[in-house]
Structure formats: C-alpha cells, structure tokens
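[1] What follows is a predicted protein model with its sequence.
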Amino acid sequence: MQPFEASAVQSDNNSTSPAAAQARLFIGLWPDDAQRWEARSHQQLWRWPPQARPTPASKLHLTLHFIGEVPQSAVEGVVQAMPASFSAAELTFSHPALWRGGIAVLEPEAVPPSLLSLHAQLGLRLRQLGISLEARPWRPHLTLARQAQGAKPPTNPPPLHWRFSQMALVQSDGGFYKVLRTAEAV
C-alpha cells in the first residue's frame, strides 16, 4: 500500500541549486484510505475562516519525528536508520484543538506505551547520526489545517479509532512528498 496519491509525489530533479543540497525530512505514521477519508469527514465538521488551508486527505499523517533540513549526503544514512518493521500503533483521536499559530489539530485521548517507545527508539537512531531533534515534548496529533486562526472546532465530535500499519520516511519539497522508505507493522 502506498501512503500517497501520485499527485502528491514529485519526481527527482537534477537541480544544482543550493536548496537541492539539502533535504527536508520527517518520519510519520500513515493511515489507510478509509481512515484518511474519516479524518476528511471530521475536517468538514469544523467552521473554517476564509484563509484556512485544510490538509489534503492524501497528506494526513501523524508525525513521529520532524527531522528538518539535512545535507543530501546524509539522507542515505537516515534511510538506513529506519527500521524494517514496527509494532502496530492504535490511537483514538477525540480532542479537536486550535494551537498557537493557527494550526488546527486532532489530538489523541492517550498515547500507548508502544508508540512512546517507537518515538524514543527512532529519536535515538537519529541522534546517533548526529541529527538534532526538537527539544520540546512530542505531542502526537493530526494536523487538519494551517492558517486557521478563528476556526471553530466541532463540539463533541465522534472519535476516530485508528490503527497505524505503515510508517514512512518522507522528503518534503515545495508541497510535494517523496517517500524514501517505508516500514510495515508486525
């Protein structure tokens, strides 16, 4: 199963610009198609201001680690650090929230120990590669929209019960996602 629609993936280019010397990376858990459309239905329960930019269904995911900009020469090391498999994670998302900066999210009721362990293990692997990670505590969430200042979340929405069975290392480039490696749940 591919976590992305073809329209969300950009092909390689041979640019020699300074920006091409860097890759913007993150590791995320990907819902299946039914779960993405369930989240899309949840998005439609919100009242969005005109400037809001809802996240397209094809890009909905739970970020485990935002790695940020790394030199292209370091990308292969990150690819090799990704595990081949992981323990499936289950979350129930039931808390809509509007974060500072106008980021509309859906937060889980609780985070299972297995997911906290996966986050920690990935963090250790990344730090062993010399990658600096965010110092702030990890807050699992689905980003539903950006630039959503003034959005009105639904009151008592039905919870989303998700089982994540795919993890991906992704390069983000100009709004396009390129999957560099995936891992399946066992």
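    Thanks, I have the structure now.
[2] mind checking the longest helix of this protein?
    Taking DSSP state H as the criterion, the chain has its longest helix at helix 113-128.
[3] can you pull the buried residues of that helix?
    115, 118, 119, 122, 123, 125, 126 (16 or more other CB atoms under 10 Å). In short, each C-beta sits where N, CA and C put it, glycine included.
[4] Would you mind putting these into TSV with pLDDT and distance to residue 68 alongside?
    Below are the buried residues of helix 113-128 laid out as TSV (pLDDT from 0 to 100; distance: CB to CB, whole Å):
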residue	pLDDT	distance to residue 68
115	95	21
118	95	19
119	96	16
122	96	14
123	96	13
125	96	16
126	96	11
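[5] tell me which element the closest residue to residue 129 other than its chain neighbours is part of?
    Leaving out its chain neighbours, the residue that sits closest to residue 129 by CB to CB, 6 or more residues apart in numbering is residue 77, at 5.2 Å. Here residue 77 sits within helix 72-81, counting by DSSP states H and E.
[6] helix or strand right after that helix?
    Counting by DSSP H and E, what follows helix 72-81 is strand 85-86.
[7] Other residues contacting that following strand?
    Outside strand 85-86, the residues within contact range by CB atoms under 8 Å, 6 or more residues apart in numbering are 118, 167, 183, 184, 185, 186.
[8] How much space separates the closest residue to the first one other than its chain neighbours from residue 30?
    Counting by CB to CB, 6+ apart, residue 86 is the residue found nearest to residue 118 once chain neighbours are left out, at 5.6 Å. Taking CB to CB, to the nearest Å as the measure, residue 86 falls 12 Å from residue 30.
[9] what's the overlap in contacts for those two?
    Common neighbours of residue 86 and residue 30 (CB under 8 Å, 6+ apart) are residue 167.
[10] Would you mark the buried spots in stretch 62-80?
    62, 63, 64, 65, 67, 70, 74, 75, 78.
[11] Return the residues in contact with the third one.
    Put plainly, it is residue 64. 26, 27, 28, 29, 118, 119, 122, 167.
[12] got it, and residue 92?
    Here residue 92 is in contact with 108, 109, 110, 159, 160, 161, 162 (CB under 8 Å, 6+ apart).
[13] one more time with 6 Å
    By CB atoms under 6 Å, 6 or more residues apart in numbering, the contact set of residue 92 is 109, 159, 161.
[14] That one is in what secondary structure piece?
    Using DSSP H and E, residue 92 sits within strand 89-99.
[15] Give the partner strands of that strand in its sheet and their orientations.
    Partner strands and pairing direction for strand 89-99 (DSSP bridges) are strand 103-108 (antiparallel), strand 160-164 (antiparallel).
[16] No further questions, thank you.
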